[in-house]
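Q: Below are the sequence and a predicted model; questions follow.
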Amino acid sequence: MTTHPDYWNQLYRDEGRPGWDMDGATPLVRELLDLALPLGLRPGCELVVPGCGYGHDAAELATLGFAVTGLDFAPLAIQGAMGRYGDRVAWSQADWFTTLLGPWDAIFDHTCFVAMDPARRPAYVEAAARHLRPGGLWLAAFFHDVNGRPGPPHAIPMADLRRLVEPRFEVLHLAEATTSHPRRAGREYLLVGRLRPIPG
């Protein structure tokens, strides 16, 4: 069910403010940018936020000077983002796996990867590689603990994530988050990966 926009749309319809929504940008925006700026990411670069929800992270990145696309395949998520933040972000109702938008200089993912069915993780990584320009950066947060719940969100051990992404991304940073929202403190870790060149 999580692979269909109706699943997520129903959550937005029923809950108004879904449980994962923090009514503001995650503190991890600043933490991940602090890691990425020394690697060449600069204001003006084009970023995409997949699974942007109500757009808090995307809007924060735009405020910091990036050219941001907020992407979600749930119509009510995009409507909510537009209502909150207007046109400071290029909003798009689209599927991360099939969209023809991009390429971008970087991906900022706080909620998309962890929300999807774990069986789709390899396809997500391939989509991330496809949506980035050469040398592009993938900035992301993951859970190593979801308090025993079945998900979404879904946890992934750090070692499993490394094995999954290393064929397509050079892992530049993989470590515990230090500025998580209090509801998530001690359960999140961060990845900064650089797209590897295509062999040959």
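A: Yep, that arrived.
Q: Residue 105 and residue 137 touch, don't they?
A: Yes. Proximity of residue 105 to residue 137 meets the contact threshold set by C-beta atoms under 8 Å, at 7.2 Å. Backbone N, C-alpha and C define where each C-beta goes, glycine included.
Q: Okay, buried residues for the biggest strand by length in the chain please.
A: For the chain, the strand with the greatest residue count under DSSP state E is strand 132-143. Residues of strand 132-143 classed as buried: 132, 136-143 (neighbour count, 16 or more other C-beta atoms under 10 Å).
Q: other SSEs contacting it?
A: helix 28-36, strand 104-109, helix 112-115, helix 158-165, strand 188-195 (3 or more C-beta pairs under 8 Å, 6 or more residues apart in numbering; DSSP states H and E).
Q: now that strand: how far from the chain's centre is it?
A: Mean-position distance between strand 132-143 and its chain equals 9 Å (C-alpha atoms, centre = their mean, to the nearest Å).
Q: Next, the angle strand 188-195 makes with it.
A: In terms of direction (axes from the mean of the first three to the mean of the last three C-alpha atoms, to 10 degrees), strand 132-143 departs from strand 188-195 by 170 degrees.
Q: need the buried residues of strand 132-143 in CSV with distance to residue 195 and pLDDT, can you?
A: Converted to CSV, the buried residues of strand 132-143 look like this (distance: C-beta to C-beta, whole Å; pLDDT from 0 to 100):
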residue, distance to residue 195, pLDDT
132, 5, 98
136, 5, 98
137, 8, 98
138, 7, 98
139, 12, 98
140, 13, 97
141, 19, 93
142, 18, 93
143, 24, 85
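Q: Of the residues you listed, which is the nearest to residue 32?
A: residue 139 (4.3 Å; C-beta to C-beta).
Q: Just the angle for the longest strand of the chain relative to helix 28-36, thanks.
A: Going by the same axes, to 10 degrees, strand 132-143 makes 130 degrees with helix 28-36.
Q: angle of strand 132-143 against helix 158-165?
A: Going by the same axes, to 10 degrees, strand 132-143 makes 160 degrees with helix 158-165.
Q: where does this structure have low pLDDT?
A: Within the chain, the set of residues satisfying pLDDT under 70 comprises 1-23, 145-151, 181-186, 199-200.
Q: need the strands for it, in chain order.
A: 46-50, 67-72, 90-93, 104-109, 132-143, 169-176, 188-195.
Q: any chance of the ones you listed in JSON lines, plus distance to residue 59?
A: Formatted as JSON lines, the strands of the chain follow (distance: least, C-beta to C-beta, whole Å):
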{"stretch": "strand 46-50", "distance to residue 59": "9"}
{"stretch": "strand 67-72", "distance to residue 59": "8"}
{"stretch": "strand 90-93", "distance to residue 59": "10"}
{"stretch": "strand 104-109", "distance to residue 59": "12"}
{"stretch": "strand 132-143", "distance to residue 59": "16"}
{"stretch": "strand 169-176", "distance to residue 59": "24"}
{"stretch": "strand 188-195", "distance to residue 59": "20"}
